[in-house]
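Peer 1: Structure, please.
(one chain, ligands or ions: 1)
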Amino acid sequence: MSNVLVLIEFSPRGEIAASARGLLAAAATLGSPVAVVVSATPLADDDVARLGELGAAGIYSAVTAAAGTVLLAPAVDALSGAVDAYEPAAVLAANSVDGREAAARLAVRVGGSVLADVVHVHNGNGTVVAQHSVFGGAYTVESVVEGGLPILTIRQGAIEGQAPTVQAELKTVSLGSNAEGVVLIDGFHDDPAGSARPELRSAATVVSGGRGLGSSANFVLVEQLADTLGAAVGASRAAVDAGYVAQTAQVGQTGVSVSPQLYIALGISGAIQHRAGMQTSKTIVAINKDEDAPIFDVADFGIVGDIFTVVPQLIEAVKARSN
Ligand SMILES: Cc1cc2nc3c(=O)[nH]c(=O)nc-3n(C[C@H](O)[C@H](O)[C@H](O)COP(=O)(O)OP(=O)(O)OC[C@H]3O[C@@H](n4cnc5c(N)ncnc54)[C@H](O)[C@@H]3O)c2cc1C
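Peer 2: Just a heads-up that it's a prediction; the model follows:
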């Protein structure tokens, strides 16, 4: 079976990023998943066990002092070392800022081609076939790489399920650090917009608010429902432009693309540019007082009503149920 490399990202707290599960699940449909990890110290036993649990048959652990001090170059060095070692049929990375850049740089280095923002993959008679959701989710298109290594960035949350658990075979290599032509990391600081809530791109549940909230004070209602459900907070561009919430929360064509298990849209009309960023969500719930709002065209469940009446009741009902 062909090897398929998966670039594993870590959260700022040092945990394996949530994107790893979907990436390894996608890799398992194409071949034998090999996790590529970059770290400053040898990989902890817990992380090895967790990656095996998520389906990594192999782990290429690249240890380098440059991890955490040099931006992205160590990941690209590790991936290209793993490409030499495993001769993979494909390389997968998250469609995150880091994942996209690592994919692009790797393609230049090894002569591959990038298929970006993939929502599904399958093996078509030995060829890696990627699916993309385009034009606001109105069309699904397939793409393949002709010649060269396919390097795919996968939309977080788009791939469901988990690869079967295996005993991961660990290969540890030490990477030299190339001090030329790299960007050094000066230091880390907390994202002021960050919070204890899950990260928007990879959250299992997203609650988004739109212009229907009416003010930044009212936007608290979105946050209250999100916190009741343990969800990330999203927003429409109109809500962002009106200053109800930071731009980092914007979902859509010019914001973040999300594919959570559950997406709840509050006071959002459902313009095509918003739908472009959330239409691949597994279950969509919309609450809007206009029964003709286009968001209802993509919603699995819709409530025609005033959010200021419905949402407090919803919060009470969820709390009562979780008690
Ligand atoms: C190039 C381009 C890129 C864009 N990119 C994005 C993008 O990335 N993301 C994005 O979201 N938009 C984007 N837009 C903007 C997009 O076209 C819409 O203008 C925007 O999505 C509308 O946001 P909204 O649904 O919150 O506001 P509106 O369209 O004003 O809708 C508000 C909704 O709230 C409902 N409502 C009002 N009060 C209540 C209440 N009390 N209870 C229940 N419902 C209520 C109304 O019925 C209405 O449906 C882009 C536009 C362009 C041209």
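Peer 1: ok, which residues in the protein are in contact with the ligand?
Peer 2: 210-212, 236-239, 250-255, 267-269, 271, 273-274, 277, 287-290, 293, 306-308 (CB under 6 Å from any ligand atom). No exception for glycine: its C-beta is placed from N, CA and C like everyone else's.
Peer 1: quick one: which of these sit in helices?
Peer 2: Among the residues of the chain next to the ligand, the members falling in helices (DSSP state H) are 237-239, 273-274, 307-308.
Peer 1: and the two most separated of these?
Peer 2: Q273 and F308 (25.5 Å; CB to CB).
Peer 1: Next, L5: phi, psi?
Peer 2: phi -80, psi 140 (degrees, to the nearest 10).
Peer 1: Residue of the stretch 1-150 of the chain nearest the ligand, please.
Peer 2: G136 (9.9 Å; CB to the nearest ligand atom).
Peer 1: now that residue: how far from T248?
Peer 2: From G136 across to T248, the span is 21 Å (CB to CB, to the nearest Å).
Peer 1: next one: T205
Peer 2: From T205 to T248 the distance is 18 Å (CB to CB).
Peer 1: Ok, L262 next?
Peer 2: For L262 relative to T248 (CB to CB), the value is 20 Å.
Peer 1: circling back: of the ones in helices among the residues of the chain next to the ligand, buried ones?
Peer 2: 237-239, 274, 307 (16 or more other CB atoms under 10 Å).
Peer 1: Go through these and say which is closest to A94.
Peer 2: H274 (22.5 Å).
Peer 1: Next up, the contacts around the residue nearest to the closest one when sequence neighbours are not counted.
Peer 2: Nearest non-adjacent residue to H274, counting by CB to CB, 6 or more residues apart in numbering: G252, 4.4 Å away. Neighbouring residues of G252 by CB atoms under 8 Å, 6 or more residues apart in numbering: 236-237, 273-278.
Peer 1: Helix or strand: which one has L51?
Peer 2: helix 45-53 (DSSP states H and E).
Peer 1: ditto for V76
Peer 2: V76 belongs to helix 73-86, assigned by DSSP H and E.
Peer 1: And the contacts of the helix or strand following that helix?
Peer 2: Per DSSP H and E, the first helix or strand lying C-terminal to helix 73-86 is strand 90-94. Contacts of strand 90-94 from elsewhere in the structure, counted by CB under 8 Å, 6+ apart, are 2, 4-7, 9, 17, 19, 23, 26-27, 30-31, 79, 83, 99-100, 102-103, 106, 112, 121, 128, 149-154, 156.
Peer 1: Is T172 in a helix, a strand, or coil?
Peer 2: strand (DSSP: H, G, I helix; E, B strand; the rest coil).
Peer 1: Which residue comes closest to it once chain neighbours are left out?
Peer 2: Nearest one to T172, counting by CB to CB, 6+ apart, is S61 at 4.6 Å.
Peer 1: ok, what's across the strand from that neighbour?
Peer 2: V37, T172 (DSSP bridges).
Peer 1: Around it, count how many other residues there are.
Peer 2: By other CB atoms under 10 Å, 23 other residues sit near S61.
Peer 1: just A320 next, same as before
Peer 2: 8.
Peer 1: What residues sit buried inside the host helix or strand of it?
Peer 2: Using DSSP H and E, A320 maps to helix 307-322. Within helix 307-322, the residues scored as buried using 16+ other CB under 10 Å are 307, 310-311, 314-315.
Peer 1: Could you single out the nearest of those to the ligand?
Peer 2: When the buried residues of helix 307-322 are compared against the ligand (criterion: CB to the nearest ligand atom), the nearest one is I307, at 3.8 Å.
Peer 1: Tell me who's in contact with the closest one.
Peer 2: Contacts of I307 by CB under 8 Å, 6+ apart are 212-213, 221, 266-267, 287-289.
Peer 1: Now a PyMOL select for only the buried ones of those residues.
Peer 2: Restricted to buried positions by 16+ other CB under 10 Å, the PyMOL selection for the contacts of I307 reads:
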select buried, resi 212+213+221+266+267+287+288
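Peer 1: Cross the contacts of I307 against strands and list the overlap.
Peer 2: Using DSSP state E, the members of the contacts of I307 that fall within strands are 266, 287-288.
Peer 1: can you list the residues you listed in CSV and add distance to P42 and pLDDT?
Peer 2: Formatted as CSV, the ones in strands among the contacts of I307 follow (distance: CB to CB, whole Å; pLDDT from 0 to 100):
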residue, distance to P42, pLDDT
L266, 46, 98
I287, 50, 98
N288, 52, 98
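Peer 1: Closest one of those residues to the ligand?
Peer 2: Nearest to the ligand among the ones in strands among the contacts of I307, with distances taken as CB to the nearest ligand atom, is N288, at 4.3 Å.
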